[in-house]
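>>> quick one, fold the following:
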Amino acid sequence: MSVGQVDYEALKSIQFGLRAVFPETVVMIPEAVMQVPSEAYNSSRRQYHSTKTLSAIDVYTRKDEAGHILGVTEVDLYVSNLNFVFGEARCPGRVALISLYRLKPEFYGKPADVKLFHERALKEAVHEVGHSLGLEHCPNPACIMFFSNAIVHTDRKQAEFCEDCHVLVHRAFEK
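Prediction:
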């Protein structure tokens, strides 16, 4: 689900990637665009509080009793104890959120690279969906569930679950 205006090609890339990672699921992009909640904006930080944004997405889960919702936004997100976050999810739960803001190479003064941007977006999407399935952070730096507090961590990890986390994903789908 778009939270604010989001690059449609990025959404399609995330959709395609999620279908590959979770082949037993249906992944759709709803036409509706949720507005970024104004109450989530912190003017002194010039960022949006991700937990407040996630709570706004929760409203949509009541309308769609089946499945999970991944919100995708282009605004910069934070939680109170961190400078920023790439995303957040209810763990376990039915809602997750990622921000594309800091995933673009241009944010770091690098030239645009659509392939790298889409890879990063998919990694963060899979990571947050993993949390919504009940997975915690993994100590394996190559695992998609490894905590990324810098873009180098996102770039280093694979777009897939390690063996231990893979087992946990399958257990989550069996419930």
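
>>> going forward, measure contacts and count neighbours with C-alpha atoms only.
OK.

>>> model confidence for residue 89, exactly?
In this model, residue 89 is scored at 96, pLDDT.

>>> next one: phi and psi at it?
Main-chain torsions, residue 89, degrees, to the nearest 10: phi -150, psi 160.

>>> contacting residues around it?
Counting by Cα atoms under 8 Å, 6 or more residues apart in numbering, residue 89 touches 54, 95, 96, 97, 128, 129, 131, 132.

>>> return the helix or strand in this protein with minimum mean pLDDT.
Least confident helix or strand, the chain: helix 50-63 with a mean of 85, by mean pLDDT, DSSP states H and E.

>>> burial check on residue 42, number of neighbours?
By the criterion of other Cα atoms under 10 Å, residue 42 has 13 neighbours.

>>> does it touch residue 49 like I think?
Yes: in terms of Cα atoms under 8 Å, residue 42 counts as a neighbour of residue 49; the distance is 7.1 Å.

>>> keep only those of the contacts of residue 89 that are in helices.
Using DSSP state H, the members of these that fall in helices are 54, 128, 129, 131, 132.

>>> quick one: contacts for the closest residue to the fourth one other than its chain neighbours?
Spelled out, it's residue 131. Spatial nearest neighbour of residue 131, chain neighbours left out: residue 91 (5.0 Å); criterion: Cα to Cα, 6 or more residues apart in numbering. With contacts taken as Cα under 8 Å, 6+ apart, residue 91 has the following neighbours: 131, 132, 133, 134, 135, 136.

>>> right, and the helix or strand after the helix or strand that contains residue 14?
Using DSSP states H and E, residue 14 sits within helix 8-21. The first helix or strand that comes after helix 8-21 along the chain, using DSSP H and E, is strand 33-34.

>>> packing partners for the following helix or strand past that following strand?
Next in sequence after strand 33-34, counting helices and strands by DSSP H and E, comes strand 41-42. Applying 3 or more Cα pairs under 8 Å, 6 or more residues apart in numbering; DSSP states H and E, we find strand 41-42 packed against strand 47-49.
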